[in-house]
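Trainee: sequence and computational prediction follow.
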Amino acid sequence: MATATKKAPAKKAVAKAATKPAAKNGVHENGTNGAHKNGNGAASSSSLGKGIPAKKGKGSFSEVAGKYCVRDIKMADEGRMLIQWAESRMPVLMHIREKYKKAQPFKGLRLAGSLHVTKETAVLVETFAALGADVSWSGCNPLSTHDAVAAALAKGGISIFAWYGNHEDFYWCIERTIDLKPHLTLDDGCDLINTVHEKYPEFAKRDVIGGTEETTTGVHRLRARAAAGKLYYPVYAVNDAITKWDFDNVYGTGQSTIDGILRATSVMLAGKTFVVAGNGHCGSGVAKRAVGLGANVVVTEVVATSALKAVLEGQRVMTMDEAAKVGDIFCTATGVKDIIRKKHFESMKEGAIVCNTGHYDAEINLKELASITKSKRTIRPNCEEYTLKNGKKIFVLAEGRLVNLAAAEGHPSEVMDMSFSNQLMCHIKLAEAHKAGKKLPKEVIDIPKEQDEFIAETKLSTMGMKMDKLTKEQLAYINDYNAGT
Ligand SMILES: NC(=O)c1ccc[n+]([C@@H]2O[C@H](COP(=O)([O-])OP(=O)(O)OC[C@H]3O[C@@H](n4cnc5c(N)ncnc54)[C@H](O)[C@@H]3O)[C@@H](O)[C@H]2O)c1
């Protein structure tokens, strides 16, 4: 595989995206919370036939009706530099961008995405645009949008609806991306797919070619939807690719979760008892990194083999009831709700730090914590001090949302290079099948092995690593049922 690192970013293609009509008029720089108006003052209507409702969020926004709504378009230059930084560390994705630039596989296709707006996501978004897609984007978590990056995308001509702290208008933003009438959907957590399926089932059945899903929790949701006979278009389970699940979730979440905890607290991990709930892909990655920094790691699990793996890694396994009494820092990584609840908070040590790195904020039951809390204050960014009625203090990071994205910058670009190459290749498959008139089954589709091999080989080659190849004799030996001592 040719080394992709040497290739210059596809500037022309991005520039093409940047010249799409953007903020000519109708830009609102302050509190535009009323109904959207287009440039000539007429009420805009959404593409699926309804008027655009007002959003609820307060504060100031930079907004062009039907085109973008971000926190502050003036942050675009800062965001552009972050995107360029990420591009230089995502050689596989940039290689695929170059490879398909001429073919324009997405020409004539519209793609809506709902995925954390980070610098790495921006590289993916601009790759879709460079390859011909008309793209519309929203965040997939209220606390994960990097406002400077969102501004850069908006300024570059991408239709984007996302800002940090978007609690009230989360689904409003998703709806704005559906206004594009997408042929393709790209999800992280299934909120976009769910909205399309539940609110616009006829559109989903008739017009959407297919989609992709980025994360474990989203794939669970998808498989449940498919099992119920309610999946209306084919969706690739990108999460389950080896070059995603075994790398992004393990090494990406491992590093960035510790990064988020340190940025929010600046505590020393050495010597602390660090409780990880769930020894799956993400949890085992977090545990490894915590061990590396000198923490005593305790794991809680519900699957015996996963618990056993932790034990053989030198970690202790306990129930959460036991772990709650001894932990200094807690991190949930299960994708399951109510992992830490009232009885656990009650038995925690003074000063315990609690956070989550699973997709949804359901893992730590903050309602139950609130019910035993006397007062609460933000003591540092992304760190809230809860003073319990019994006088004990507990610190919760990032409102129980994924700490690596809310308090840090999410996964390193190098690992998102592989995840997003998977995303791109799956969408190219969907677009090519559509153009060839081929109907894919309306199922959750696994990632083909060749795709994993291609991405891993390309990644290795961009890192300057070479592998051996099996000789003919070795191949024959493997397949020889008579070979022995
Ligand atoms: N923070 C991020 O950037 C990021 C990245 C990727 C995935 N995720 C999310 O992290 C979560 C975990 O993903 P994963 O890929 O590690 O999944 P996984 O299936 O590999 O691991 C989950 C583990 O949790 C365990 N578990 C389930 N219920 C439990 C309980 N009650 N107590 C203790 N352990 C329990 C399971 O047995 C399993 O070992 C998902 O919500 C996923 O979407 C977050």
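Mentor: The structure has been received and is ready for your questions.
Trainee: every contact and neighbour count from this point should use C-alpha atoms.
Mentor: Fine.
Trainee: what comes up buried for the strand or helix carrying residue 197?
Mentor: Under the criterion of DSSP states H and E, residue 197 resides in helix 191-199. Burial within helix 191-199, assessed by neighbour count using 16 or more other Cα atoms under 10 Å, is assigned to 191-197.
Trainee: packing partners of it?
Mentor: strand 110-114, helix 170-178, strand 184-187, helix 201-207 (3 or more Cα pairs under 8 Å, 6 or more residues apart in numbering; DSSP states H and E).
Trainee: for the ones you listed, give me JSON lines that also has distance to residue 343 and mean neighbour count.
Mentor: Below are these laid out as JSON lines (distance: least, Cα to Cα, whole Å; neighbours: other Cα atoms under 10 Å):
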{"stretch": "strand 110-114", "distance to residue 343": "35", "mean neighbour count": "26"}
{"stretch": "helix 170-178", "distance to residue 343": "31", "mean neighbour count": "24"}
{"stretch": "strand 184-187", "distance to residue 343": "35", "mean neighbour count": "26"}
{"stretch": "helix 201-207", "distance to residue 343": "42", "mean neighbour count": "15"}
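Trainee: how near is residue 275 to residue 321?
Mentor: Residue 275 sits 12 Å away from residue 321, taking Cα to Cα, to the nearest Å as the criterion.
Trainee: quick one: secondary structure of the closest residue to the ligand within the stretch 1-150 of the chain?
Mentor: Using Cα to the nearest ligand atom, the single residue of the stretch 1-150 of the chain nearest to the ligand is residue 116, 9.2 Å away. Of the three states, residue 116 takes coil under DSSP: H, G, I helix; E, B strand; the rest coil.
Trainee: what's the pLDDT at it?
Mentor: Here the pLDDT value assigned to residue 116 is 98.
Trainee: around it, how many other residues sit close by?
Mentor: Applying other Cα atoms under 10 Å, we find 24 residues neighbouring residue 116.
Trainee: for it, give me its contacts.
Mentor: Residue 116 is in contact with 138-141, 144-145, 188, counting by Cα atoms under 8 Å, 6 or more residues apart in numbering.
Trainee: identify the spatial nearest neighbour of it, chain neighbours not counted.
Mentor: Leaving aside its sequence neighbours, residue 116 sits nearest to residue 139 (Cα to Cα, 6 or more residues apart in numbering; 4.8 Å).
Trainee: equivalent analysis for residue 411, please.
Mentor: If the residues on either side of it in the chain are set aside, residue 411 comes closest to residue 252, at 4.7 Å by Cα to Cα, 6+ apart.
Trainee: up against the ligand, what does the protein have?
Mentor: For the chain, the residues found near the ligand under the criterion Cα under 6 Å from any ligand atom are 215-217, 249, 253, 277-283, 300-303, 306, 333-336, 339, 357-359, 402, 404.
Trainee: need the buried ones from those selected in ChimeraX.
Mentor: Applying 16+ other Cα under 10 Å to those leaves a buried subset, and the ChimeraX line that selects it is:
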select :215,216,217,249,253,277,278,279,280,281,282,283,300,301,306,333,334,335,336,339,357,358,359,402,404
